[in-house]
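Engineer: Next input, structure requested:
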Amino acid sequence: MPHVTLSEIEEAARRIAGRVRRTPVDHSPSLSGLVGVPVHLKHEHRQITGAFKLRGATNALLQLSPDERARGVVATSTGNHGRALAHAAAAEGVRCIVCMSSLVPANKLEAIKALGAEIRIIGRSQDEAQVEVERLIAEDGMTGLPPFDHPHIVAGQGTIGLEIVEDVPDAATVLVPLSGGGLIAGIAVAAKTLRPDIRIVGLSMRRGAAMAASLDAGNPVEVEELPTLADSLGGGIGLANAWTFETVRALVDDIVLLDEAEIAAGIRHVYEVEREIVEGAAAVGVAALLAGKVAPTGPTVALLSGRNIAMELHRRVINGADGLEETD
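Structural biologist: As a prediction, this is how the structure comes out:
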């Protein structure tokens, strides 16, 4: 079973130092009072590109050969990986194409374009967009850097786990947004290697949770992508998944699925009480605590993974909307 290793994650931390932010961890009095144990928020939404994805994209791009750089990079994305890869590629003078489905919010498309990357909208799912990525790799010789199922991507995201263990050494539970599994796989390897007793919980939306469905099936499966407040958690895990599925199956202790109204409540709490703006995918850990779907027994860290929400959508959620259908 292939896993990235702690040493690879530590090497990634050294490689990306100075190119990404080491984000802070703050104690949340409100959530601590609610659940009766210390709760800390890891502010990864304050990353340079507004989400954790910059860590993996930077780590992967910096390890490309001169020939691979010259041929350019390409990837699918639900938004945040594309933005991160575009930023990392621009910093190194590398051509970048991002292929996305029509479900990706317009604000995320514009942010990627602003960084100089080329965008291609293909179909209504990440799997459909991946077909164009494979064509560009086969016909144009571009280098694929996928959003999660790649050892250098996983190792880069795992640097968050190093920071969590360092900043909250007594953490008993870490709440991590779950999509393709690159984030939670990296964090789980780092945290559990350093602290084998730590509990890793993955959080996803109930609508189209591909990793949860795949774990239930015992192998990677396709799921229908549906509009959700947690749009960054959409997309499949790939039927040929080589890295994240097995790592998640081996190291993640529990997976919790959330309804749209619960995710909306998480967004509202983070804004109104914690005074932070986050997207739906980033609010799932807080949402699970608010809904009583996670009952931590010791110090807990909830990862706020990104802030790249359309502000009009954020305003509507803050004003009471409990799902996308109420924002049309």
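
Engineer: what sits against Leu251?
Structural biologist: By CB atoms under 8 Å, 6 or more residues apart in numbering, the contact list for Leu251 reads 185, 188-189, 192, 200. Glycine gets a C-beta too; all of them are placed from N, C-alpha and C.

Engineer: Pick the one among those closest to Ala213.
Structural biologist: Using CB to CB, Ala185 comes nearest to Ala213 of the contacts of Leu251, at 17.1 Å.

Engineer: Pull the contacting residues for that closest one.
Structural biologist: Here Ala185 is in contact with 3-4, 148, 154, 157-158, 243-244, 247-248, 251 (criterion: CB under 8 Å, 6+ apart).

Engineer: Give me the number of neighbouring residues for Pro169.
Structural biologist: The number of residues packed near Pro169 is 10, by other CB atoms under 10 Å.

Engineer: Next: Pro29.
Structural biologist: 12.

Engineer: Distance-wise, check it relative to Leu41.
Structural biologist: 11 Å (CB to CB, to the nearest Å).

Engineer: Repeat that for Leu233.
Structural biologist: Taken as CB to CB, the span from Leu233 to Leu41 is 18 Å.

Engineer: same deal with Glu92?
Structural biologist: According to CB to CB, Glu92 stands 32 Å off from Leu41.

Engineer: Partner strands of the top strand by length along the chain and their direction?
Structural biologist: Longest strand of the chain, by residue count under DSSP state E: strand 199-205. Counting by DSSP bridges, the strands paired with strand 199-205 are strand 173-177 (parallel), strand 254-258 (parallel).

Engineer: Pull the residues that contact that strand.
Structural biologist: Outside of strand 199-205, the residues within contact range by CB under 8 Å, 6+ apart are 172-179, 184, 187-188, 191-192, 211-212, 228-230, 233, 248, 251-260, 263, 280, 284-285, 287-288, 294.

Engineer: Skipping adjacent residues, who's closest to the most centrally placed residue in the chain in space?
Structural biologist: Most central in the chain under CA atoms, centre = their mean is Leu183, positioned 5.5 Å from the mean C-alpha point. Counting by CB to CB, 6 or more residues apart in numbering, Leu183 lies nearest to Gln157, which is 4.7 Å off, once chain neighbours are set aside.

Engineer: Contacts only, for Arg207.
Structural biologist: By CB under 8 Å, 6+ apart, the contact set of Arg207 is 226-228, 260.

Engineer: circling back to that earlier point, of the contacts of strand 199-205, which belong to strands?
Structural biologist: Short answer: these in strands (DSSP E) are 173-177, 254-258.

Engineer: Before we move on, what's the pLDDT of the residue lying closest to Ala291 once chain neighbours are set aside?
Structural biologist: Counting by CB to CB, 6+ apart, Ala291 lies nearest to Glu262, which is 4.7 Å off, once chain neighbours are set aside. Looking at Glu262, its pLDDT reads 98.
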